[in-house]
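A.B. asks: here's my sequence, what's the structure:
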Amino acid sequence: MTAIDTHPVEDEWLAWRMAGITASDIAAAASGRYGGAHNVVARKLGLIPPQEQTAQMARGLALETRIATAAELLLGVSIVGEQSWAQHPDRPHWRATLDGMAVPAELPSPGMDDVIGVVETKTRGRDVKPAWDYWAPQCQWQMLVIGVPLAILVECVVTDADDGTLIHDLRLHRVEADEFVQTTLIELAEDLWRHVQAGTLPEPTSAAELDSVKAVTLTVDPSADVVDLSDIAADVARAAEIRQAIKAVEDERDLLEARLRARIGDATKGTADGWTVSVAKPMRIFTEQAAAELLAERPDLAMTVLDKARAKTEAKELYEQLRQPIGARRLTIKESTR
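C.D. replies: Numbers count the residues shown, from 1 in each chain. A predicted model of the protein is given here:
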């Protein structure tokens, strides 16, 4: 049976997290967020400090009780075991901290066998996109750890105000266990755990991940003018090869686009064998020289600077005449719909 502790103490909880692979670890490694797999292992090895709580994280924690209460009413269930930590019964290094577990509302003393699914709450600002690349693997791992087929993700869209946080929207998402996804996450978790036990770091898999972890791997004197790159000579050669290939492709692209522009001329579109080639009109800007000329014609428009709003309406013809094109005409190529 899955081990559940519903009263974690902060220091003990952090130590417990460091001794296994948690749902947040899996989500970071799978999505590449927060330094990806490299940072997950680096934290376990003590090479970088635990992730500090951000204002967004603090806001989410502060709202969890309100969100859970609303979710209970909407779903007709009880949410128990808030902030409980769980371990897989056969793989104790598979771990998860749960925002809660949904159980039938009418049960006075529910047990693990009564759990309908895990509950994961997420808050985000109105201008922030949902992070499903992080949320989905996190939910899948939580389901795997406690052995349930369902997760309920409660997404709360909020705005911060001077007098508190305003909840604009509460969205309920049903996430079902996916055996294929969970198998992939198990492979990822075991690879992370092998690195932790061996004391080695996985290679960064993207430029963004490398940028976020370079402080961990920087072993040279930062004041040195010349660094010996002999140990990564193959990377140097490959980077040079790729740069040359990119330049060759860009040169060919520029030549082909020049031919297309020349053939299209002043037209806006051309077609060929299912393709449509469009050439946008160049952007036109109103320069300082144009402003000076317009003011010479219409000194009544003068303010500290030219009143462009009035000029666009009261001297529209002259305004348009004085606007100057900037840049080349933008060319796009796309496959035509049949």
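A.B. asks: ranges for the strands of the stretch 51-200 of the chain?
C.D. replies: Under the criterion DSSP state E, counting those that start in this stretch, strands of the stretch 51-200 of the chain are mapped to 77-80, 84-87, 95-98, 100-104, 117-125, 150-161, 164-176.
A.B. asks: lowest average pLDDT across the ones you listed?
C.D. replies: With a mean of 80, strand 164-176 has the lowest mean pLDDT of the strands of the stretch 51-200 of the chain.
A.B. asks: next up, the contacts around residue 144.
C.D. replies: 88, 94, 177, 182, 185, 186 (C-beta atoms under 8 Å, 6 or more residues apart in numbering). (C-beta placed from N, C-alpha, C; glycine too.)
A.B. asks: repeat that for 7 Å
C.D. replies: Counting by C-beta atoms under 7 Å, 6 or more residues apart in numbering, residue 144 touches residue 182.
A.B. asks: now do the one 4 residues further on
C.D. replies: For residue 148, the set of contacting residues under the criterion of C-beta under 7 Å, 6+ apart consists of 115, 117, 118.
A.B. asks: at 8 Å instead, please
C.D. replies: 101, 115, 116, 117, 118, 177.
A.B. asks: in JSON lines: the strands of the stretch 51-200 of the chain, plus mean neighbour count.
C.D. replies: Listed next are the strands of the stretch 51-200 of the chain as JSON lines, based on neighbours: other C-beta atoms under 10 Å:
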{"stretch": "strand 77-80", "mean neighbour count": "21"}
{"stretch": "strand 84-87", "mean neighbour count": "21"}
{"stretch": "strand 95-98", "mean neighbour count": "24"}
{"stretch": "strand 100-104", "mean neighbour count": "22"}
{"stretch": "strand 117-125", "mean neighbour count": "22"}
{"stretch": "strand 150-161", "mean neighbour count": "18"}
{"stretch": "strand 164-176", "mean neighbour count": "13"}
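A.B. asks: which one of the ones you listed lies nearest to residue 13?
C.D. replies: Of all the strands of the stretch 51-200 of the chain, strand 84-87 sits nearest to residue 13, with 6.5 Å by C-beta to C-beta.
A.B. asks: pairing partners for that closest one, with directions?
C.D. replies: Here strand 84-87 is paired, per DSSP bridges, with strand 3-5 (antiparallel), strand 95-98 (antiparallel).
A.B. asks: next helix or strand past the first one?
C.D. replies: Right, strand 3-5. helix 10-18 (DSSP states H and E).
A.B. asks: now the helices for the stretch 101-250 of the chain?
C.D. replies: 132-146, 179-198, 207-217, 233-264 (DSSP state H, counting those that start in this stretch).
A.B. asks: okay, those, which one's buried deepest?
C.D. replies: Mean neighbour count (mean count of other C-beta atoms under 10 Å) peaks for helix 132-146 among these, with a mean of 23.
A.B. asks: so for the helix or strand encompassing residue 293, mean pLDDT?
C.D. replies: According to DSSP H and E, residue 293 maps onto helix 288-297. Mean per-residue pLDDT for helix 288-297: 84.
A.B. asks: who's in contact with that helix?
C.D. replies: Applying C-beta under 8 Å, 6+ apart, the contact partners of helix 288-297 are 301, 302, 305, 306, 311, 315, 318, 319, 322, 323, 324.
A.B. asks: now the fourth one, nearest residue through space, not along the chain?
C.D. replies: Excluding its sequence neighbours, the residue lying closest to residue 306 (C-beta to C-beta, 6 or more residues apart in numbering) is residue 291, at 4.4 Å.
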